[in-house]
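In: compute the structure for the input listed below.
(one chain, ligands or ions: 1)
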Amino acid sequence: MDKAHFGLIGLGVMGENLVLNAERNGFSSVVYNRTYAKTEEFLSGMGAGKNIVGSTSLEDFVSKLQHPRRILMMVKAGPAVDAVIKDISPYLEAGDLLIDGGNSEYHDTERRVAELESKSFGFIGMGVSGGAKGALEGPSMMPGGTKASYDAIESLVCKMAAQVEDGPCVTYIGPGGSGHFVKTVHNGIEYGIEQILAEAYDLLKRVGGLSGTQMADIFGHWNSTEELASYLVEITEICLRTKDPADGSDLVEKIVDQAGQKGTGLWTVVSALQMGAPVPTIYAALNGRVMSSIKPQRQNAEAILHGPAVQSFELCGNDGTGPLMDAVVLACMASYAQGMELLRIASAEHDYNLNMPSIAQIWKGGCIIRARLLKRIQDAFNANPQLVNLLIDPWFAEQVNRRLPGLAKVVAGAAEAGIPVPCLSSTLDYINSYRTARLPQNLVQAMRDCFGSHTYQRVDQEGTFHTEWLD
Ligand code: NBP
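Out: Numbering: from 1, shown residues only. The predicted model follows:
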């Protein structure tokens, strides 16, 4: 057999679908998995009859690839990536290229790019989003590393990616760990939107008294609007409509209310705090998952700590319009705005030179946060590449000004009904803070100077001041 165009290491759910995608697009492939039984299972199952061969060792794998080799690693993020790099390196030659397609922490990618490029191997850290189906049919991909390394994989990734009206959902993101950083922030935005939709569901169920099917109808209406049409709203409708085959009741009500996480939401929030970027909606979503995980404590506290009885208030009509839609729209917009602002700040800090319209473009298809709104985000950054916050773009500002009263009504109603809405209430505080020219931190500065002589600036005089407050 001729040597293969493309190699894949790691036949997990993402790897097996990505190699099928590459093969469908004309790239003959060779696969390697640490546990060989999985390779055999794949080649006799999903990979049967395809232009894909297996390999029994990394040496065998490398020998079956055309030079320069293009190798995609889809293994668990963390030490497994370093282990594969170490084990495969003795067989690689100058010009060969490794791509880490897992959810690696971006500092790890910075280190690996520097190490591998110094040995004349190319290294790309590439975020991949879209789950198993996206990996097979066309994901959104966020590759970072040197431009020369990206050029060597451009034809491959452009064919594999989801396609939207203005091109494939992949582009060169920037140097070092920028691809994995952008994927991390993508996931942070995803955390936000998932929690926002869960809060809407909670209100529709507990305040509105709606059944799963009735709630699904509302989400269906939302999915037909420019502001909310998105993959996550679409699957929320599906989840709420799905019945338990055992008794025909709403399946979602049988699921334990504890949400897991693998790190990218946490990394988004930690990076944002370190870089001074406000991401309160995303942080509230992360904290929502943490709160969900302490279920035994919550069960115990329910009997001890009392709140108001749930009372009805206006949410939305049968067509989905109303204060709750306003609240959900603004919170989703805030998640994107916060994520984009974090990218802007990180780009300056790390010299990533991120192209904001291009990032919005590659998120329009294939990925989990794909949404019609991304066209508006792309337009906003095209109109003003220096835009510091999406919410002050004219189209978004009109949305904020029109929908803010609805968001406030929902947060107030939820507070009076004793129902937690962390993402919605954080969004309200975020917008109210952002549109307030004078915040009360003047008093914080006074206290800091009072107890610690930290000094302060005055609004009416230049310079740095200290007062002996306690005399
Ligand atoms: P997993 O994250 O479950 O990883 C499974 C693969 O890693 C298997 O092939 C396994 O080999 C291999 N592996 C491990 Br674990 N330790 C290894 C080591 N020390 N050396 C060599 N191989 C090792 O698979 P996945 O869900 O397909 O995800 C792959 C990557 O893509 C992850 O970073 C994930 O975060 C990311 N991602 C996943 C999704 C998703 O929807 N699942 C979406 C986007 C990105 P074995 O068979 O021998 O154990």
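In: show me what counts as buried in stretch 265-277.
Out: Buried residues in stretch 265-277, counted by 16 or more other Cβ atoms under 10 Å: Gly265, Leu266, Trp267, Thr268, Val269, Ser271, Ala272, Ala277. Heads up, the C-betas are built off the backbone N, CA and C, glycines and all.
In: and the fourth one, how close does it get to Gln274?
Out: Taken as Cβ to Cβ, to the nearest Å, the spacing of Thr268 relative to Gln274 amounts to 11 Å.
In: got the contact list for the nearest residue to Lys147 once chain neighbours are set aside?
Out: Nearest residue to Lys147, sequence neighbours excluded (Cβ to Cβ, 6 or more residues apart in numbering): Tyr172, at 6.2 Å. Neighbouring residues of Tyr172 by Cβ atoms under 8 Å, 6 or more residues apart in numbering: Pro143, Gly144, Lys147, Tyr150, Glu154.
In: can you confirm Tyr172 is in a helix?
Out: No - according to DSSP: H, G, I helix; E, B strand; the rest coil, Tyr172 belongs to no helix; its state is coil.
In: residues contacting the residue of the stretch 351-471 of the chain found nearest the ligand?
Out: Nearest residue of the stretch 351-471 of the chain to the ligand (Cβ to the nearest ligand atom) works out as Ile368 at 8.3 Å. Applying Cβ under 8 Å, 6+ apart to Ile368 gives the contacts Ser129, Gly130, Gly131, Gly134, His186, Glu190, Tyr231, Leu232.
In: just give the number of residues close to the fifth one.
Out: Going back to what we said before, that points to His186. 23 (other Cβ atoms under 10 Å).
In: give me the element it is part of.
Out: Per DSSP states H and E, His186 falls inside helix 178-206.
In: got the contact list for the helix or strand following that helix?
Out: Going down the chain from helix 178-206, the next helix or strand is helix 212-222, by DSSP H and E. Contact with helix 212-222 is made by 197, 201, 204-205, 210, 228-229, 233, 236-238, 240-243, 250, 252-253, 316, 318-321, 325, 328, as judged by Cβ under 8 Å, 6+ apart.
In: tell me how far stretch 427-445 lies from the chain's centre.
Out: On the basis of Cα atoms, centre = their mean, to the nearest Å, stretch 427-445 sits 27 Å off its chain's mean C-alpha point.
In: with just CA atoms, put that stretch into PDB.
Out: The C-alpha trace of stretch 427-445 is given here as PDB (Å, rounded to 0.1, in the frame of the first residue of the first chain):
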ATOM      1  CA  THR A 427     -25.900  39.400  33.700                       C
ATOM      2  CA  LEU A 428     -28.100  42.100  35.100                       C
ATOM      3  CA  ASP A 429     -25.400  43.200  37.500                       C
ATOM      4  CA  TYR A 430     -22.800  43.100  34.700                       C
ATOM      5  CA  ILE A 431     -24.900  45.300  32.400                       C
ATOM      6  CA  ASN A 432     -25.800  47.700  35.100                       C
ATOM      7  CA  SER A 433     -22.200  48.000  36.200                       C
ATOM      8  CA  TYR A 434     -20.900  48.400  32.700                       C
ATOM      9  CA  ARG A 435     -23.400  51.200  31.900                       C
ATOM     10  CA  THR A 436     -22.600  53.100  35.200                       C
ATOM     11  CA  ALA A 437     -19.900  55.700  34.800                       C
ATOM     12  CA  ARG A 438     -19.500  56.100  38.600                       C
ATOM     13  CA  LEU A 439     -19.500  53.000  40.700                       C
ATOM     14  CA  PRO A 440     -19.100  53.000  44.500                       C
ATOM     15  CA  GLN A 441     -15.500  51.800  44.500                       C
ATOM     16  CA  ASN A 442     -14.500  55.300  45.600                       C
ATOM     17  CA  LEU A 443     -15.600  54.200  49.100                       C
ATOM     18  CA  VAL A 444     -13.600  51.000  48.700                       C
ATOM     19  CA  GLN A 445     -10.600  53.100  47.900                       C
END
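In: near the ligand, which residues of the chain show up?
Out: Counting by Cβ under 6 Å from any ligand atom, the residues of the chain lying close to the ligand are 10-15, 33-35, 38, 74-77, 80, 83-84, 102-103, 128-129, 131.
In: now with 8 Å, please.
Out: Neighbours of the ligand within the chain, by Cβ under 8 Å from any ligand atom: 9-16, 33-35, 38, 74-77, 79-81, 83-84, 87, 101-104, 127-132, 134-135, 139, 183, 262.
In: pull out the buried residues from those residues.
Out: Using 16+ other Cβ under 10 Å, the buried members of the residues of the chain next to the ligand are 9-11, 14-16, 33, 38, 74-75, 77, 80-81, 84, 101-104, 127-131, 134-135, 139, 183.
In: helices - which of the residues you listed land there?
Out: Met14, Gly15, Glu16, Lys38, Ala80, Val81, Val84, Gly131, Gly134, Ala135, Lys183 (DSSP state H).
In: once you drop chain neighbours, what's closest to the spatially most central residue of the chain?
Out: Geometric centre of the chain, nearest residue: Asn187, 1.6 Å, by Cα atoms, centre = their mean. Leaving aside its chain neighbours, Asn187 sits nearest to Thr264 (3.6 Å; criterion: Cβ to Cβ, 6+ apart).
In: need the contact list for that neighbour.
Out: By Cβ under 8 Å, 6+ apart, Thr264 lies in contact with Asn103, Lys183, Thr184, Asn187, Gly188, Tyr191.
In: and what about the residue in the stretch 251-400 of the chain that the ligand sits nearest to, helix, strand or coil?
Out: Using Cβ to the nearest ligand atom, Lys262 is the residue of the stretch 251-400 of the chain that sits closest to the ligand, at 6.1 Å. Secondary structure of Lys262, reduced to three states by three-state DSSP: coil.
In: per-residue confidence for it?
Out: Here the pLDDT value assigned to Lys262 is 84.
In: would you confirm that it contacts Glu105?
Out: No - in this structure Lys262 lies outside contact range of Glu105 using Cβ atoms under 8 Å: 11.0 Å.
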